[in-house]
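Peer 1: need the 3D shape of this:
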Amino acid sequence: MTAAGGGGSIRITGAIALDPGEIHESFIRAGGPGGQHVNTTSTAVQLRFDVRGSPSLPDDVRHRLERLAGSRLTREGVLVLQAQGHRSQLRNREDALARLVALVRAAARPPTPRKPTKVSKSAKRRRVDDKKQHGKLKSLRRGRPDD
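Peer 2: Numbers count the residues shown, from 1 in each chain. Modelled structure (predicted):
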């Protein structure tokens, strides 16, 4: 397993930056078609990032990231991303890192609060009128002639 990045920090937002030492990569053999190339080279990347143990993330971002990660988060709180779409190890590394950055960036944005709305009076009136019309139609189906 190797640490991602050569040096410096990975800028997510103005306030959040990840230390490359927190990201661990391992290279595995990719599945799928590819012939002999796929059987001999380990081009797929498995990126691991400890969400719960990261000092770089504020608590609110950490909680949102855990929710966003879903099944990609282990019980220990480690986010596992796999990239195997490209034939080269370098492009798979870049792809996995870009996906991690996008996920953390999405978690860094607080959700917009819901603005409570009211149903308008005209909408209520239309609803009641539709119900009356439907009831009238059903009463006509009963087959009782009006005298």
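
Peer 1: I figured Thr13 hits Ala108, correct?
Peer 2: Yes: using C-beta atoms under 8 Å, Thr13 is in contact with Ala108, at 5.0 Å. Where C-beta positions appear, they are placed from N, C-alpha and C, glycine not excepted.

Peer 1: which SS state does Ala106 fall under?
Peer 2: helix (DSSP: H, G, I helix; E, B strand; the rest coil).

Peer 1: which one's more surrounded, Thr13 and Ala108?
Peer 2: Taking neighbours as other C-beta atoms under 10 Å, Thr13 and Ala108 compare with Ala108 leading, 18 against 11.

Peer 1: next, the contact list for the more buried one, please.
Peer 2: Ile12, Thr13, Ala15, Ile16, Val61, Arg64 (C-beta atoms under 8 Å, 6 or more residues apart in numbering).

Peer 1: could you redo the last one with a cut-off of 6 Å?
Peer 2: By C-beta atoms under 6 Å, 6 or more residues apart in numbering, Ala108 lies in contact with Thr13, Ile16, Val61.

Peer 1: could you confirm Glu66 falls within a helix?
Peer 2: Yes: looking at Glu66 with three-state DSSP, it is inside a helix.

Peer 1: which residues are contacting stretch 119-139?
Peer 2: By C-beta under 6 Å, 6+ apart, no residue outside stretch 119-139 reaches it.

Peer 1: redo the contacts of Ala108 as TSV? Include secondary structure and distance to Gln84.
Peer 2: As requested, the contacts of Ala108 are exported to TSV (DSSP: H, G, I helix; E, B strand; the rest coil; distance: C-beta to C-beta, whole Å):
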residue	secondary structure	distance to Gln84
Thr13	coil	28
Ile16	coil	28
Val61	helix	28
